[in-house]
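Student: structure of the sequence below:
(4 chains)
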There are 2 protein chains.
Amino acid sequence: MYVHIFATPFQGTLFQIMKIEDEIKQPVFKDAFQKGLINLVYTAGWVQQRNSSQFKEFGITLPQFNILRILRGQHPKPATVNLLIERMLDKTSNASRIVDKLEAKKLVTRTVCPSNRRAVDICITDSGLELLQEIDKVLEREPLLHKLTEAEVSQLSDLLDKIRD
Amino acid sequence: MYVHIFATPFQGTLFQIMKIEDEIKQPVFKDAFQKGLINLVYTAGWVQQRNSSQFKEFGITLPQFNILRILRGQHPKPATVNLLIERMLDKTSNASRIVDKLEAKKLVTRTVCPSNRRAVDICITDSGLELLQEIDKVLEREPLLHKLTEAEVSQLSDLLDKIRD
DNA sequence: CGACATTAAATGTATGTACATATATTTGCA
DNA sequence: TGCAAATATATGTACATACATTTAATGTCG
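Tutor: Okay, the predicted model is just below:
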């Protein structure tokens, strides 16, 4: 799990809040913006931890799971490391080493790309596809945002988009 | 930066979205819930990366910054590792080693607690306080959620609370 | 053609997370 | 009193992130 949870220092502290303070030990925030920021980061960590624990029993981590899903999306075409990095959105992350782990578990294959010998063709194996299918069943059993209605989820997405404008 | 960004595999893909697809390379999601989930995690990562880059020039990381803020909140009282862990909300994280780094930079001191020799009293130094003051100036210059109104921030917090209900 | 920049991936290093285990101190209780 | 349980922190290991550097292959342009 790779979400850093914001700390909640006791400083200033003028604004009483209602819900997030039950989760953390700090009942007071400087203002609504600080509360929203902490809540955003904390909740993202919350959903990722839940998600991750759902397939920890299958022996893969969240980043490994995400790489596998990208590869399934490409299947039966191969993906390159570059494509994985683009899809992960995290240009600085190291897809190469995550693929190492998946290769060791025989969930993907890595072969030099014939048309460009600098590149590497990465493919999900049958074993990898089967694993994803099993994990999918578990994930569908308890959808992570099921406490929200479809309208609320859309509202949430709109607010999040606005943050990054 | 320790937020894992959700991958966006090409799978199923029935639901056209509007905004987050500009940031990532995948223009289509399975449904609004998948979009919301990815948006939540992605946006949390976005704000943390911005935050982190704001004080990277000061030679500390986001976890180190958060520990320092907790210590400032306690100042001039000392904090124990236990208190840091509580405030970080991340019971499994390793505050001890983050304090190591801060101690090496002379931003905090670590002394055995006189009344309980198992515990360690951790205090922010004057140098640490000065560093935080400088960083605060930078952070205040560009508040991270400034694109939202106060009403929108509250609405966001309510939706996030509901997710974790 | 050949030097040089560009591209694709891998590797190196420091930091952090997640989780298990170890060490030292204190507490509780037979 | 003495010894096991509980507590506070530190340490070990695997994995991932963040960022710089390296290696190999390809592209470009004189």
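Student: contacts, neighbours, all on C-alpha from now
Tutor: Will do.
Student: where in chain A is the helix or strand with the lowest mean pLDDT?
Tutor: Within chain A, no helix or strand scores below strand A:15-16, which has a mean of 37 by mean pLDDT, DSSP states H and E.
Student: care to break chain A down by domain?
Tutor: Domain assignment of chain A by automatic domain parsing yields the ranges A:1-56, A:62-139.
Student: does any bit of the longest one sit next to DNA strand D?
Tutor: Looking back up the chat, that one is domain A:62-139. Yes - among the residues of domain A:62-139, A:62-64, A:90, A:92-95, A:97-98, A:101, A:115-118 lie within reach of DNA strand D under Cα under 7 Å from any atom of the strand.
Student: which ones among those residues map onto helices?
Tutor: Per DSSP state H, helices hold the following members of the residues of domain A:62-139 next to DNA strand D: A:62-64, A:95, A:97-98, A:101.
Student: are any of those buried, and which?
Tutor: Buried residues within these, defined by neighbour count using 16 or more other Cα atoms under 10 Å in any protein chain shown: A:62-64, A:95.
Student: okay, the residues you listed in JSON lines with pLDDT and distance to residue A:56 next?
Tutor: Output for these, formatted as JSON lines (pLDDT from 0 to 100; distance: Cα to Cα, whole Å):
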{"residue": "A:62", "pLDDT": "93", "distance to residue A:56": "8"}
{"residue": "A:63", "pLDDT": "94", "distance to residue A:56": "12"}
{"residue": "A:64", "pLDDT": "96", "distance to residue A:56": "11"}
{"residue": "A:95", "pLDDT": "96", "distance to residue A:56": "19"}
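Student: what about the helices in chain A?
Tutor: Assigned by DSSP H, chain A shows helices spanning A:20-23, A:32-56, A:62-74, A:81-88, A:95-104, A:126-141, A:150-163.
Student: would TSV of these with distance to residue B:155 be doable?
Tutor: Shown next, in TSV, are the helices of chain A (distance: least, Cα to Cα, whole Å):
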stretch	distance to residue B:155
helix A:20-23	13
helix A:32-56	9
helix A:62-74	29
helix A:81-88	29
helix A:95-104	36
helix A:126-141	27
helix A:150-163	9
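Student: could you tell me the least trusted of those helices?
Tutor: Mean pLDDT is lowest for helix A:20-23 among the helices of chain A, at a mean of 60.
Student: returning to that earlier point: hey, which of the helices of chain A is tucked in deepest?
Tutor: Burial of the helices of chain A is given as mean neighbour count (mean count of other Cα atoms under 10 Å in any protein chain shown); helix A:62-74 ranks first at a mean of 22.
Student: so is that helix next to DNA strand C?
Tutor: No - among the residues of helix A:62-74, none lie within reach of DNA strand C under Cα under 7 Å from any atom of the strand; the closest is 9.6 Å away.
Student: again, but for stretch A:76-95
Tutor: Yes - Stretch A:76-95 comes into contact with DNA strand C (Cα under 7 Å from any atom of the strand), by way of A:80-83, A:94.
Student: before we move on, what about stretch A:120-139?
Tutor: Yes - shown here: stretch A:120-139 in contact with DNA strand C (Cα under 7 Å from any atom of the strand) through A:120-121.
Student: CA atoms of that stretch as PDB?
Tutor: Extracted in PDB, the C-alpha atoms of stretch A:120-139 (Å, rounded to 0.1, in the frame of the first residue of the first chain):
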ATOM      1  CA  VAL A 120      10.600  -5.700 -24.900                       C
ATOM      2  CA  ASP A 121       7.300  -7.400 -25.700                       C
ATOM      3  CA  ILE A 122       5.500  -8.200 -22.500                       C
ATOM      4  CA  CYS A 123       2.500 -10.600 -22.600                       C
ATOM      5  CA  ILE A 124       0.200 -12.000 -19.900                       C
ATOM      6  CA  THR A 125       0.300 -15.800 -19.700                       C
ATOM      7  CA  ASP A 126      -2.700 -18.100 -19.500                       C
ATOM      8  CA  SER A 127      -1.900 -18.500 -15.800                       C
ATOM      9  CA  GLY A 128      -2.000 -14.700 -15.400                       C
ATOM     10  CA  LEU A 129      -5.400 -14.500 -17.100                       C
ATOM     11  CA  GLU A 130      -6.800 -17.200 -14.900                       C
ATOM     12  CA  LEU A 131      -5.500 -15.400 -11.800                       C
ATOM     13  CA  LEU A 132      -7.200 -12.100 -12.900                       C
ATOM     14  CA  GLN A 133     -10.500 -14.000 -13.400                       C
ATOM     15  CA  GLU A 134     -10.400 -15.300  -9.900                       C
ATOM     16  CA  ILE A 135      -9.500 -11.900  -8.500                       C
ATOM     17  CA  ASP A 136     -12.300 -10.300 -10.500                       C
ATOM     18  CA  LYS A 137     -14.800 -12.500  -8.800                       C
ATOM     19  CA  VAL A 138     -13.700 -11.300  -5.400                       C
ATOM     20  CA  LEU A 139     -13.600  -7.700  -6.400                       C
END
